[in-house]
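Q: Fold the stuff below for me.
(chains A and B)
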Number of protein chains: 2
Amino acid sequence: MAALAVTLSACTPPATTGEDAPVSRPVHQLATTAAYDVAAIAPYGGDHAGVYEYIDANLDDHVAALQRWLRQPSISAQDVGVIDMAEMLRQDLAQIGFEEAELVPTDGHPGVWGYYDAGAEKTLVVYLMYDVQPVEPEDWISPPFDAEIIDHDLGRVLMARGATNQKGPQRAFLNALESIIAVEGTLPVNIMVAAEGEEELGSPHYPQIIDAYQDRLRQADGVLFPFNSQTPDGKINMILGVKGILYFEVIATGGAWGGPSRAEIHGSYKAIVDSPVWRLIKALSSLTSEDGNTILVPGYYDGILPPTEEESMLINAGIENRDEAQLLEMLAVDHWIDNLSGTEAMVEFLYQPSLNIDGIWGGYTGEGVKTILPHQASAKVDSRLPPGLDPDEALDKIRKYLDEKGYGDIEIRKLSGYPASQTSVEAPAVQAAISVFSKYASEINVQPRIAGSAPFYQFTERLGLPLVPTGMGFGTGAHAPNEIMLIEPGDGIAAAGLADIEKAYVDFVFALADAEE
Amino acid sequence: MAALAVTLSACTPPATTGEDAPVSRPVHQLATTAAYDVAAIAPYGGDHAGVYEYIDANLDDHVAALQRWLRQPSISAQDVGVIDMAEMLRQDLAQIGFEEAELVPTDGHPGVWGYYDAGAEKTLVVYLMYDVQPVEPEDWISPPFDAEIIDHDLGRVLMARGATNQKGPQRAFLNALESIIAVEGTLPVNIMVAAEGEEELGSPHYPQIIDAYQDRLRQADGVLFPFNSQTPDGKINMILGVKGILYFEVIATGGAWGGPSRAEIHGSYKAIVDSPVWRLIKALSSLTSEDGNTILVPGYYDGILPPTEEESMLINAGIENRDEAQLLEMLAVDHWIDNLSGTEAMVEFLYQPSLNIDGIWGGYTGEGVKTILPHQASAKVDSRLPPGLDPDEALDKIRKYLDEKGYGDIEIRKLSGYPASQTSVEAPAVQAAISVFSKYASEINVQPRIAGSAPFYQFTERLGLPLVPTGMGFGTGAHAPNEIMLIEPGDGIAAAGLADIEKAYVDFVFALADAEE
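A: Predicted coordinates:
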């Protein structure tokens, strides 16, 4: 595809926040009304019947392989089971036939590197994350690390922390590789595995893993992130980009500005003692408009890249198939901000930075009455960053703004940050994925981006490789209780079960081997 | 004393908050520059040598009686040990010789009623609270319910939750009564005990206890609240009033206004989904000025009574002896709000309502990174109410203000509330207390009020009885870790130990019997 036209965004007239301070954020417009035509890509024509049969014959073992991974906790935030999971992944790679399978030391949890030399022309990098989010076990209907197969409206599902985010689809992909090797003797492409155990922490040390292998990685042809891309009705959602993220804590403590600095004091002193909790509330409040949806930090929206022509065409193609009401119902959300809908909501979702409070705490939070003036209050905040907004620049702007507002005492503790990532739909790995999906699925939506984050910039922006987070299959409950991955669809459920998920991965590997540069 | 002059307060010119909204709160002025002369009250001349000797001879048993109470947890907020403590108090009263000693059912934790009939002319009501604040055991250097005697800079102290707030001084008072009876055969006054187990919850059911005995209580001559009134250097601080309190939770939940209503959702949705955490922050922030110190709720300051002439004279008498620097250091506070000091700080402390955030919570508050958009966020808030500001009126004003600001969805859940209480220094019970203190202590400060709260209005405003929270002795750490009561002062510590505390209570009971109406 030729160089894409860039259309600069227009700004809305200033609105107002609270009483009277002018506030605005850019409103992005699509660059074209044309829609991308996925149907123009021919379905993948290859047939690997022997491998498919092998998968069907060994499906129980393949389910057991997912369960083995899911029963090994690997909560990076709490350092629970992390090393054991890294070692399990390393051993699995060696057992599959990776000549290189080794832990990669970092300043945090180790990475895992693997190399399978097929003597092939092409090389596929597989990005894996072996860590999972924390759990609140009491909220689960089946314990999060039991990884039981349970009956569900959708069919038979695996319920576990990490079932869909991301161990389930990842181990399904390795099952596919194992099956090809078992039947064909080797793979049609070389494979590089570059796994980390800190994705849920914001991938603070993933750059160190890439550092160690960057010259070899740069020679590869594309990057796969195994991912359950289907909805229950079988539609495929491919995503070609992610937002970056900045995650930090904001901490107000008593000190020279006022307030108790050592410990909580009796609440009655509030009449003459400043409150760190009020200070936190006022400092946080200064960051956004009255509705919490426009970031007031000067220049925060300045460098954000508006939709390109390619991205606009993808959005136009996808919007007609988007079931907005279903999504709102699933999230238990009455309406989007500003009552946006359709294309406007999608553009807002994908092209705006957000400022979200993940958690806030301070003082007495138990039952009943306790009257104290706390000496400290804290919040966890994340900002999702579209392309054009760098995490360090974003943090600098927030710090400078708080300083100018007189909140120099407010501490900001950065926990993670990395920029956005974007891959073109024209990349051979993406075209290969679409051709495989066209063989299996009736509807394929290719989204230019999701609002979530992953450290894909390490491959796309840093190494110049296309990255495709993709795969058949359905899962839900990432970062929430009762996370599941569909294993065997029930009646009327069109999403793939584990066998078809693995067969599609088989096809993808072969399709990439055949793809033209 | 003749009817006291009331001087209306003057208002400061409007200041500003945040960008430009006008904000002001009243600045109260004292009604006179004259000072109350405590030295004009003659020291108590009675001598009860036999009782004093009995106390000295039985001091070990008396310490053990305090420990027995302190080792019985009675955390009203968590319903830990409450009934056992009520029963322990009831049995102790019966054992001392109270003809009536019974639990008083309420809709919450039970009260305890006791009546000792001395056939005397005068009757003293004793207000007791048998509950204590919750604890964070890991912050204590000696376990909070071990009630060990430990060596301290001040001498030998009892360390326990409730040591000074309020079991220690209360049991010391009962030790004094026991000693009088042991030596004299009976008491010089009749005693009514009206105890509750919900003071730390805001005394929600204390009115029910008073209801049950109000006709008899109304016949009494005054009310004592046993209280450690000394500083370590021996100075007495008497307090004649307390602020009222309103305690409530503020809860923001996703719903028709926006935001997720059922459970947390993935944080990346913030770009198009409203946040209940931001909503809570904005709603709370609307309640106060930028510094958190002026309440923006219309009419909140309207009915507050300014200093009377008597109160002004007491403040003038006390201010010269107040060691402000020591208090700031003890609290680890750099300075009072608005850099107030001296009389200005004292008047602000005693005559302004406060709006304090005791706790705030929502979303993920654990270690590390978790990216969620929470569906709910909450805060616990208390407002201390000087005389003239009723808790229900205060709550109505807050509710109305939030509604008018567009926060009708924000839930307010009232946990407790009662008005302020005030007793005149000229009341016979107060004069009796001062005369006793004059016998033991070199310096007596009589404060018209503290900023803390207690449900004394039940006696003062409702039954018309004077109430005097008083006693020798020192303690610290109420509502905090490492709460202590001084039992045996070390070298250079002038505050009374347990023996002198009890002797002063003996004198007080006799002084009240002799006081002229």
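
Q: Check what contacts stretch A:37-54 and list those residues.
A: A:179-180, A:182-184, A:317, A:431-432, A:434-436, A:438-439, A:444, A:446, A:503, A:506-507, A:510-511, A:514 (CB atoms under 8 Å, 6 or more residues apart in numbering or on different chains). C-beta here means a position set from N, CA and C on the backbone, and glycine is covered the same way.

Q: Sorry, wrong one. I was asking about stretch A:141-148.
A: A:66-67, A:70-73, A:135, A:137, A:150, A:158-161, A:163, A:481-483.

Q: Among those residues, name the buried ones.
A: A:66-67, A:70, A:72-73, A:135, A:158-161, A:163, A:481-483 (16 or more other CB atoms under 10 Å in any protein chain shown).

Q: Which single one of those residues is nearest to chain B?
A: When those are ranked by distance to chain B (CB to the nearest CB), residue A:481 comes first, at 7.7 Å.

Q: How many residues are close by the closest residue to that closest one other than its chain neighbours?
A: Nearest residue to residue A:481, sequence neighbours excluded (CB to CB, 6 or more residues apart in numbering or on different chains): residue A:139, at 3.8 Å. When counting by other CB atoms under 10 Å in any protein chain shown, one arrives at 11 neighbours for residue A:139.

Q: so how far is residue A:448 from residue A:416?
A: Distance of residue A:416 to residue A:448, given as CB to CB, to the nearest Å: 24 Å.

Q: sorry, that was for residue A:31
A: 11 Å.

Q: hang on, the earlier thing: quick one, phi psi at the residue nearest to residue A:481?
A: Dihedral pair for residue A:139: phi -90, psi 0, per degrees, to the nearest 10.

Q: can you check residue A:350 too?
A: Note on residue A:350: its backbone torsions stand at phi -90, psi -20 [degrees, to the nearest 10].

Q: In terms of pLDDT, where does it sit?
A: Looking at residue A:350, its pLDDT stands at 96.

Q: my guess is it contacts residue A:420, does it?
A: No. Contact between residue A:350 and residue A:420 fails when scored by CB atoms under 8 Å: they sit 10.2 Å apart.

Q: more crowded one of these two?
A: Neighbour count, other CB under 10 Å: between residue A:350 and residue A:420, residue A:420 has more, with 27 against 23.

Q: Any figure for the gap between the more buried one and residue A:304?
A: Taken as CB to CB, the span from residue A:420 to residue A:304 is 10 Å.

Q: Which neighbours do those two have in common?
A: By CB under 8 Å, 6+ apart, the residues touching both residue A:420 and residue A:304 are A:386, A:387, A:388, A:389.

Q: I'd like those residues as JSON lines, with distance to chain B appended.
A: Supplementary listing: the shared contacts of residue A:420 and residue A:304 in JSON lines, determined by distance: CB to the nearest CB, whole Å:
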{"residue": "A:386", "distance to chain B": "9"}
{"residue": "A:387", "distance to chain B": "14"}
{"residue": "A:388", "distance to chain B": "15"}
{"residue": "A:389", "distance to chain B": "12"}
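
Q: Which PyMOL command selects the buried ones in those residues?
A: In PyMOL syntax, the buried subset of the shared contacts of residue A:420 and residue A:304 is picked out as below (16+ other CB under 10 Å):
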select buried, chain A and resi 386+387+388+389
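
Q: Just the ones in strands from the shared contacts of residue A:420 and residue A:304, please.
A: Of the shared contacts of residue A:420 and residue A:304, none are assigned to strands by DSSP state E.

Q: is stretch A:330-343 anywhere near chain B?
A: Yes. Applying CB under 8 Å from any CB of the partner chain, one finds stretch A:330-343 touching chain B at A:331, A:332, A:333, A:334, A:335, A:336, A:337, A:340.

Q: Tell me which two in those are the farthest apart.
A: Pairwise distances among these were taken by CB to CB; the largest, 17.8 Å, belongs to A:332 and A:340.
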